[in-house]
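**Q** Next input, structure requested:
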Amino acid sequence: QVQLVESGGGLVQPGGSLRLSCAASGRFASLNAMGWYRQAPGKQRELVATITSGGITNYGDSVKGRFTISRDNAKNTMYLQMNSLKPEDTAVYYCKGTVRRFEARLPYDYWGQGTQVTVSA
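**A** Presented below is the predicted three-dimensional model:
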């Protein structure tokens, strides 16, 4: 069974920083693209950033220049360094990984359970 588990959320003051982690576990043939998404109360889930297995990154407009996505393929772990945090960054942050299991012909998207990030004075 494949699992993605996020960690690192919490309460931070405006202008502060947090680092989120997402670790993939279980048996699988490959862990392809990964990404961070967030959902604030009353809003739709939105893209924060994505990263391919080769390290190509993409960011949502609202976080460009403030957030940095990275991954350690040896550890099957993805990170999100969040700097200059704003109250509007408050949301539940979810990680997603595109995983191909050994017994599957095609890859499938798996989601973590989410971690709360609150930016408030």
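**Q** For the rest of this, base every contact and every neighbour count on C-alpha atoms.
**A** Fine.
**Q** Please give me every residue in contact with the nearest residue to Gly26 once chain neighbours are set aside.
**A** Nearest residue to Gly26, sequence neighbours excluded (CA to CA, 6 or more residues apart in numbering): Val2, at 4.6 Å. Residues in contact with Val2, defined by CA atoms under 8 Å, 6 or more residues apart in numbering, are Ala24, Ser25, Gly26, Arg27, Phe28, Tyr110.
**Q** Export those residues to JSON lines and append columns for neighbour count.
**A** Shown next, in JSON lines, are those (neighbours: other CA atoms under 10 Å):
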{"residue": "Ala24", "neighbour count": "23"}
{"residue": "Ser25", "neighbour count": "14"}
{"residue": "Gly26", "neighbour count": "9"}
{"residue": "Arg27", "neighbour count": "14"}
{"residue": "Phe28", "neighbour count": "16"}
{"residue": "Tyr110", "neighbour count": "15"}
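**Q** any idea which helix or strand carries the residue positioned nearest the centre of the chain?
**A** Nearest to the mean C-alpha position of the chain, by CA atoms, centre = their mean, lies Trp36 at 2.8 Å. If you go by DSSP states H and E, Trp36 is part of strand 30-39.
**Q** check contacts around the closest residue to Gln1 other than its chain neighbours.
**A** Using CA to CA, 6+ apart and skipping residues adjacent in sequence, the residue nearest Gln1 is Gly26, 5.4 Å away. Residues touching Gly26, when contacts are defined by CA under 8 Å, 6+ apart, comprise Gln1, Val2, Gln3.
**Q** distance of Ala74 from Gly8?
**A** Ala74 sits 20 Å away from Gly8, going by CA to CA, to the nearest Å.
**Q** Out of the two, name the residue with the larger neighbour count.
**A** For Ala74 versus Gly8, neighbours defined as other CA atoms under 10 Å are more numerous around Gly8 (14 against 6).
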